[in-house]
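J.: got a structure for you, letters missing:
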Ligand SMILES: Cc1cc2nc3c(=O)[nH]c(=O)nc-3n(C[C@H](O)[C@H](O)[C@H](O)COP(=O)(O)OP(=O)(O)OC[C@H]3O[C@@H](n4cnc5c(N)ncnc54)[C@H](O)[C@@H]3O)c2cc1C
């Protein structure tokens, strides 16, 4: 496990205190984006920890954001979800690729905990195969125009704008930032997923895109965006490991209280070993996440980003671990954990999504195999 600096340890301690004092009571009763918690973190300057200080962010590293997601999520996974989305996904793309004007307009409200930004990559005909997307940006006499549709978007009801992936006239994939209330944007339908979260289907019809709303385009655009996506995977891994920890904390507490056969169930070896196995998986997932977040590549012209191999290993293992650990912890509660409204019941539904969102398990396997056989090889020893 990576050794934390004093500053990182302090970050974890402060976030842990805030989460356990202020988020625990409502941790499993949020309906939608947990704005109150978001604002509390923003007031403590602990919300957009890795976004630039000039926009009101914390100016810390992405690894600090990983620590924040893990720590908050151990208490309130809904707040970790929001934190993950707003530190590692769309706002980060704006910070990486946007013009100064765009950053000045969109990032301060995000850092203040007043606004959120969604991301639109998936389409009905292009999920894992993002290269098959049909949303386009066309060059017209009136400037750039966006047309197409995006599906399964998280955070749309909470968001003011969306980062949209689209094909440009040169054939390359790029991204544009679109206000959700811009003419031609139609929030066509909201779906409710297993965890009770909204996922939205958006249509774009001839939406005017001013040049400054283009985040990235051209020959290198896809490569740059894929590097940024590796941060999304690491963020997803942190979010998933936080669910495993949250489940373990609840299960260990309960195992100490609940008595059967005249003793706490936590004294039965069969149950202790099950929990020990779950702790092993959780710790391994967390180590892989930290490994991916700290072994980054970058240079003078490329912001630091995780290696695809390490990010995929972390995302894959953490997603599987969240699901299996949560399920094992639900088992510790017996029928109690199986009831609607119980934290473990919610975590069970929540964790399942990680094996699909931000790249499925199968696509992570593909990435890992690609790197091992045809790319960087096994993770470096040095
Ligand atoms: C909770 C949640 C939040 C999400 N949020 C967003 C969001 O904010 N923005 C957004 O754009 N999208 C979002 N998505 C969508 C997500 O990115 C896609 O669901 C994901 O990329 C998979 O695409 P798909 O659902 O179309 O499945 P498909 O790509 O159709 O895959 C179906 C199955 O086939 C498998 N498969 C596909 N290709 C291969 C292959 N080459 N080898 C082996 N197996 C393969 C997949 O792994 C999967 O098991 C979200 C999804 C979830 C569940």
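T.: Now that the structure is in, tell me what you want to look at. Computed from a predicted structure; not experimentally measured.
J.: Near the ligand, which residues of the stretch 51-200 of the chain are found?
T.: When proximity is defined by CB under 6 Å from any ligand atom, the stretch 51-200 of the chain lies next to the ligand at 119, 120, 121, 122, 127, 128, 150, 152, 153, 154, 193, 199. Yep, even glycine has a C-beta here, placed from its N, CA and C like the rest.
J.: Can you report how many residues lie near the fifth one?
T.: What that stands for is residue 127. 17 (other CB atoms under 10 Å).
J.: do you know how far it is from residue 133?
T.: 10 Å (CB to CB, to the nearest Å).
J.: show me where pLDDT drops low in the chain?
T.: Nowhere does the chain drop to pLDDT under 70.
J.: give me phi/psi at the residue in it positioned nearest to the ligand?
T.: Per CB to the nearest ligand atom, residue 127 is where the chain lies closest to the ligand, at 1.8 Å. The phi/psi pair for residue 127 (degrees, to the nearest 10) reads phi -100, psi -90.
J.: Which of the helices or strands spans residue 152?
T.: In the assignment (DSSP states H and E), residue 152 maps to strand 143-153.
J.: what comes up buried for that strand?
T.: 144, 145, 146, 147, 148, 149, 150, 151, 152, 153 (16 or more other CB atoms under 10 Å).
J.: Report the two of those separated the most.
T.: Greatest spacing in these, by CB to CB: 144 and 152 (24.7 Å).
J.: quick one: contacts of stretch 120-133?
T.: 134-135, 148-153, 162-167, 173, 202, 359-360, 362-363 (CB atoms under 8 Å, 6 or more residues apart in numbering).
J.: typed the wrong thing, it's stretch 322-339
T.: 240-241, 243-244, 247-248, 250-251, 254-255, 265, 271, 274-275, 277-278, 281-282, 285, 342, 344-345, 347-348, 350-352, 354-355.
J.: one step back: which strands and helices sit next to the strand holding residue 152?
T.: Judged by 3 or more CB pairs under 8 Å, 6 or more residues apart in numbering; DSSP states H and E, the packing partners of strand 143-153 are strand 116-120, strand 136-140, strand 159-167, strand 173-179, strand 198-209.
J.: would TSV of these with mean neighbour count be doable?
T.: What follows is the helices and strands packed on strand 143-153, written out as TSV (neighbours: other CB atoms under 10 Å):
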stretch	mean neighbour count
strand 116-120	25
strand 136-140	14
strand 159-167	24
strand 173-179	22
strand 198-209	19
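J.: Let's have the ones you listed in JSON lines, adding distance to residue 309.
T.: Converted to JSON lines, these look like this (distance: least, CB to CB, whole Å):
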{"stretch": "strand 116-120", "distance to residue 309": "23"}
{"stretch": "strand 136-140", "distance to residue 309": "32"}
{"stretch": "strand 159-167", "distance to residue 309": "23"}
{"stretch": "strand 173-179", "distance to residue 309": "22"}
{"stretch": "strand 198-209", "distance to residue 309": "29"}
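J.: For the nearest residue to residue 364 once chain neighbours are set aside, give me its contacts.
T.: Leaving aside its chain neighbours, residue 364 sits nearest to residue 316 (3.6 Å; criterion: CB to CB, 6 or more residues apart in numbering). Neighbouring residues of residue 316 by CB under 8 Å, 6+ apart: 361, 364, 365, 368.
J.: try 10 Å this time
T.: 233, 237, 240, 285, 288, 354-355, 359-365, 367-368 (CB atoms under 10 Å, 6 or more residues apart in numbering).
J.: So residue 315 sits against residue 288, correct?
T.: Yes: counting by CB atoms under 10 Å, residue 288 is a contact partner of residue 315 at 8.9 Å.
J.: Quickly list what's touching both of those two.
T.: Common neighbours of residue 315 and residue 288 (CB under 10 Å, 6+ apart) are 234, 237.
J.: Between the two, which has more neighbouring residues?
T.: Shown here are residue 315 and residue 288; by other CB under 10 Å, residue 315 has more neighbours (35 against 24).
J.: Please pull up the helix or strand immediately following the lengthiest helix in the chain.
T.: If you go by DSSP state H, the chain has its longest helix at helix 221-257. From helix 221-257 onward toward the C-terminus, using DSSP H and E, the following helix or strand is strand 259-260.
J.: Partner strands of that following strand and their direction?
T.: Partners of strand 259-260 in the sheet, by DSSP bridges, are strand 263-264 (antiparallel).
J.: so what are the domain limits for the protein?
T.: Structural domains annotated on the chain: 6-111, 117-216, 221-374, as defined by automatic domain parsing.
J.: quick one: secondary structure of the closest residue in space to residue 377 that isn't next to it in sequence?
T.: The shortest distance from residue 377 to any non-neighbouring residue, by CB to CB, 6+ apart, is to residue 371 (7.3 Å). With DSSP: H, G, I helix; E, B strand; the rest coil as the basis, residue 371 sits in helix.
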